[in-house]
Structure formats: C-alpha cells, structure tokens
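Trainee: next one to model:
(3 chains)
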Amino acid sequence: MRSAPVILHLDLDAFFTAVEQLHKPSLRGKPVVVGGVGGRGVVATASYEARVFGIRSAMPTAEARRRCPNAAYLYPRFPAYRDCSLAVMALVREVTPLVEQVSIDEAYLDLTPTHPGAGADEVAAVAEGLRARIRATTGLTASIGAGTSKLVAKIHSDLAKPDGLALVPAGEEAARLAPMSVRAIPGVGPATAARLAVHGVGTVGRLAELGADEAVRLLGRAHGTQLHAFALGLDEREVVTERAAKSVSAETTFDVDVTDRVRLGRHLRELAERVGERLRKDGLSGRTVVLKVRRHDFSTLTRSTTLDQPTDDVALVVQHAGRLLAGLDVADGLRLLGVGVSGLSLYTQPDLLDGLLDAPEPPVRAAAGDEGGEEFVRPDAGGGAASQIAGEAEPEVTLAEGPAPAGTPTWRAGQDVTHAEHGAGWVQGSGVGRVTVRFEGPHTEVGRIRTFAADDPALAPAEPPVWHAQAEAEAGPG
DNA sequence: TCTGGGGTCCTAGGACCC
DNA sequence: TCTGGGGTCCTAGGACCC
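Mentor: Just a heads-up that it's a prediction; the model follows:
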C-alpha cells in the first residue's frame, strides 16, 4: 500500500450530455438525455438537470420520456465524444505518463513518476490544477478521487461528483469505507449485494468483519477474496498504461423480434463485417467465433466454436457464426443478434507472409545517415531491439525515409503499433514517427510479420514522407 | 419501466493427456 | 487391467462495469 494518496481516479461529469450541452448552448441548464431513442433504447447518460426527474443510466428511454417528456432526447454522437475524450486525456498525460484509461470518460493516474514523495497537499494541488485545465481548455468538468489505491480513488471520485475533488489521506481508508453500502465497492452489483444482504451484510464494515473465509464461502474464491480485501481498504492493483484487447464483438437489438432466418442471415453478415473492420483496423485476428442471441423472453444464449487458426476474414466468421445460428431454434423470435471473435492475437496475413518469405532479401543499405539517397535501416542496426527482447520487449525500431522494397505491407497512418516477431520483415506507413514492434510469447515461428491491411487501398499512405522500417528480432529465451 | 452495446472476469463441467 | 489426480483447453452462462 502506498504511503501517500498518489493514485487519482478522474471521471468526467455526465460526459455525453455535457458534450452535447457544450456544443449546443440552447441545451445548457436543460434536461438532456443521451441514449437509444428507438422503442427499445436505454439511457446512456442523463444530465444533472434530467436526474432531478429520476432519470438514470440504463433506464429504458420510454420510462425516461414518461418522467420528463420535455427533456432533449439525443442519439449518441460517438465521434464528438471521442474528440473531447482525446483532448482531456492529453491534458491528463501532461500530469503523469502513468495513465490507465479505463473508458472514454475515465482514467486512473499514478503521480509517483512526476511527484515523488508528494504528500496530500501537493496531490490536492495537482488534482485541482488538472481539473481547472480541463475546464479551461475543453469546457468540461471532471471529478477526481485521490487515495493510496485505485479502489479508494475510484470510490471517492464518485463521492466528489459533480465537479469536485475528494482526497483520502493515507491510513484513513478502512474507516472511510466502513459505513458505506457494499454497493459502493466496484464489483458489487445487485446479485452480490443481495447475496450479502441475506447474511445481514449491508455495509463495507460488516463485510470486513465477516472474514475472508466466510466471504469466499458466500461469493466464490476469486470474488470473495477480492471483495473482502477491498472491504479492509486493501488494494495492490497497479496503474497500467496498456491492456491488450481480449475480444471484439458487435450486436444489435431489433425494434421487433425477428424470426425470419433470411433477415437474421443479413444482420449476421453486417455484424461480422463490423467485427472484421475493427479487427483489421487494430491489426488483430481471433480464433474463437462467438454467436450471441437474446430471445423474446430476454434469455441470452451464446454458442462458440474455436478454429485451428486465428482469422479476421468476414466470410469465415459469417460461415461459422451462421452454422451456430442454424443450430438454434428461432421460431419464437430473437430480440438481439450478436457476433464476436475472441482468443485474439496479433494479425497475420498468410498471402502477404508467403510473398515475403519467398521474396528475395530486400536491399540492405547503410544505416540511416551513412549515405545519401535512399536509406534503409540495416538489419543489424536494429540489433539493439533484438537484444531487448529477452527483457520486457517493446523495442523501438528506427525509421528511415524513402521507398520501401516492393511488396512491403502498409500500416494505417496514426495506428501506432505494427507487429513483427521473432524474425525480420519490412513494414511501412505514413504520418507516424516511430514504430513499436511488439513481441508475443516465446512460441512464434521465425520470420512472421504480423500486421496491417495492406490489401486495402484506402489505407495506403497518401502523403509523403513514406516511412519504412525493418523490424528485426529473434526469439528471447522465453 | 421492461430492459443497449461494448467489454472483462469468473465458474463449472467435460474432454483429453500424462 | 483398472484407477487416480493434475493440468489444459473448450464451451456456456452469469455478474459486473461504463
């Protein structure tokens, strides 16, 4: 446990509706609801003016309309929210590089790197400074919780809302948490709260008194252990800057239940196309295809099948998901259809791979700076990268300007990661100043390049300079 | 009131292997 | 020949979060 409250949790207040009110002054001071506006829509965010009427997130929009017919009901504009989020997160990263963005409107910060030895007063000043800059540059208000752990920071950003700061001095965690409802703990939802209530546990303090063994008996091994530790104010989770995606999915709820298999098939293809698009954009492929359906009675089923090889091929996803769907009874109607891919790995493109492996070695020139004209990075110039693999493995590869060898796959401008592993291969792109080469596991075949969407002309670099790099490395000892 | 869409993590049983 | 136990993978479902 840290000895000072250097972990912050920042949460933008009523984010979606705040952006709408920012962009449209006539909405300011008025009840605004952002969410699904169709017959089966639910509320994503209600402005504070709308919350006065009892409107809450996840409430059916129909119910919200009953409570406040005069509110503005808006369909979400995610691109606008993403832009605002990027602006805020840029300010956040000026405070510390140790930022874990957990959603479009939330992030944890660890101030240790930039404010070593900071006490509560300094942390409070940093947090207030950040809140002020967010307001001044974006017009949005943020609430911040500060404590010695993610848990305490998270719980207190909620208590600070709206537009506030709540800081818990080191040593006061358990006492602060004890009187709170167990529902204040992240991970305690309706089901867990109900199970605890049966045993007379309603507060965090009572959960702490219960003891770890009893908590495990009631809630299962993982959940029980974790929640009991939380109840004592114990939380050793680190702030981590990057987490790899584990699945990609798309789903849709129909306005009216669907029984027609032809229509379902069309929706299935659309959903698979969305999944495929995202897989390729992120340079991923997955081995398990998952079909999800929700029936007329709201019961949910999933069916999955695991392939021999990871794929991002829409046709293949459609084929397997379609087979899974064919095995289900849809006579009573489906209200939701979803398709997903899990078991993700960094993407390989077999045809490109073959071409590359069969192709003659690309010309190797002097390392950057040695000669005029085209400059390629010499494979051994990346030797530093290879030597880092055995460690934690995100070596950077220097880029050189100039044309890359024929057949070199392209990554999308602005996409900050390309992948090569355990071998050499060329990559190129534009608009990005550096390439990070990421290595997975000790297991992959030599010579594989994992990347890109080279077959998509829309992704080809339009503007010079065109960069290329040779990513070169060897397997570490594992 | 009648329940979105995108995710994560956990549990449990069965298959399979050693 | 029969039996046991542990580990891993796969599948399905459920709780939870924003």
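Trainee: you'd agree residue A:234 is up against residue A:1?
Mentor: Yes - proximity of residue A:234 to residue A:1 meets the contact threshold set by CB atoms under 8 Å, at 7.0 Å. C-beta here means a position set from N, CA and C on the backbone, and glycine is covered the same way.
Trainee: so which of these two has more stuff around it?
Mentor: Neighbour totals were compared for residue A:234 and residue A:1, and residue A:234 leads with 15 against 12 (other CB atoms under 10 Å).
Trainee: secondary structure class for the more buried one?
Mentor: Here residue A:234 is recorded as coil under DSSP: H, G, I helix; E, B strand; the rest coil.
Trainee: now do residue A:256
Mentor: Secondary structure state of residue A:256, per three-state DSSP, is strand.
Trainee: please name the nearest non-neighbouring residue to residue A:135.
Mentor: Leaving out its chain neighbours, the residue that sits closest to residue A:135 by CB to CB, 6 or more residues apart in numbering is residue A:141, at 5.9 Å.
Trainee: helices of the stretch 251-400 of chain A, start to end?
Mentor: Per DSSP state H, counting those that start in this stretch, the stretch 251-400 of chain A carries helices over the ranges A:261-281, A:314-326, A:350-358, A:383-389.
Trainee: which of the ones you listed has the lowest average pLDDT?
Mentor: When the helices of the stretch 251-400 of chain A are compared by mean pLDDT, helix A:383-389 comes last with a mean of 27.
Trainee: can you name the residues that contact residue A:7?
Mentor: Contacts here follow CB atoms under 8 Å, 6 or more residues apart in numbering; on that basis residue A:7 touches A:108-111, A:146-150, A:152-153, A:239.
Trainee: nearest to DNA strand C: which residue in the stretch 301-450 of chain A?
Mentor: Residue of the stretch 301-450 of chain A nearest DNA strand C, by CB to the nearest atom of the strand: residue A:306 (3.3 Å).
Trainee: mind listing what that residue touches?
Mentor: Residue A:306 neighbours (CB under 8 Å, 6+ apart): A:287-289, A:343.
Trainee: if we use 6 Å, what do you get?
Mentor: Applying CB atoms under 6 Å, 6 or more residues apart in numbering to residue A:306 gives the contacts A:287-288.
Trainee: how near is it to residue A:334?
Mentor: In this view, residue A:306 and residue A:334 are 24 Å apart by CB to CB, to the nearest Å.
Trainee: can you check residue A:326 too?
Mentor: Distance from residue A:326 to residue A:334, by CB to CB: 13 Å.
Trainee: between those two, who's got more neighbours?
Mentor: Using other CB under 10 Å, the more surrounded residue of residue A:326 and residue A:334 is residue A:334, with 22 against 12.
Trainee: distance check, the more buried one against DNA strand B.
Mentor: Applying CB to the nearest atom of the strand, to the nearest Å, the value for residue A:334 to DNA strand B is 11 Å.
Trainee: swap in residue A:155?
Mentor: Distance of residue A:155 to DNA strand B, given as CB to the nearest atom of the strand: 18 Å.
Trainee: now do the strands in the stretch 51-200 of chain A.
Mentor: For the stretch 51-200 of chain A, the strands defined by DSSP state E, counting those that start in this stretch cover A:72-74, A:99-103, A:106-110, A:142-147, A:165-167.
Trainee: who does the second one pair up with?
Mentor: Okay, so that is strand A:99-103. Partners of strand A:99-103 in the sheet, by DSSP bridges, are strand A:106-110 (antiparallel).
Trainee: ok, and does the partner strand reach over to DNA strand C?
Mentor: Yes - applying CB under 7 Å from any atom of the strand, one finds strand A:106-110 touching DNA strand C at residue A:106.
Trainee: so for that strand, mean pLDDT?
Mentor: Mean pLDDT, computed over strand A:106-110, is 98.
Trainee: list the contacts of it.
Mentor: Here strand A:106-110 has contacts from A:7-11, A:92, A:96, A:98-101, A:150, A:239, using CB under 6 Å, 6+ apart.
Trainee: just the closest of those to residue A:121, please.
Mentor: Nearest to residue A:121, judged by CB to CB, of those is residue A:8 at 14.5 Å.
Trainee: which one is residue A:84 nearest to, not counting chain neighbours?
Mentor: Distance criterion CB to CB, 6+ apart; nearest residue to residue A:84, sequence neighbours excluded, is residue A:19 at 5.2 Å.
Trainee: so what's that neighbour up against?
Mentor: Residue A:19 makes contacts with A:80-81, A:84, as judged by CB under 6 Å, 6+ apart.
Trainee: quick one: it from residue A:250, how far?
Mentor: For residue A:19, the distance to residue A:250 equals 24 Å [CB to CB].
Trainee: how about residue A:220?
Mentor: Taken as CB to CB, the span from residue A:220 to residue A:250 is 31 Å.
Trainee: more neighbours: which of the two?
Mentor: residue A:250 (19 against 13).
Trainee: let me know how buried the residue of the stretch 151-300 of chain A found nearest DNA strand C is, in neighbour terms.
Mentor: Using CB to the nearest atom of the strand, the closest approach of the stretch 151-300 of chain A to DNA strand C is made by residue A:189 at 2.2 Å. Residue A:189 has 10 neighbours, counted by other CB under 10 Å.
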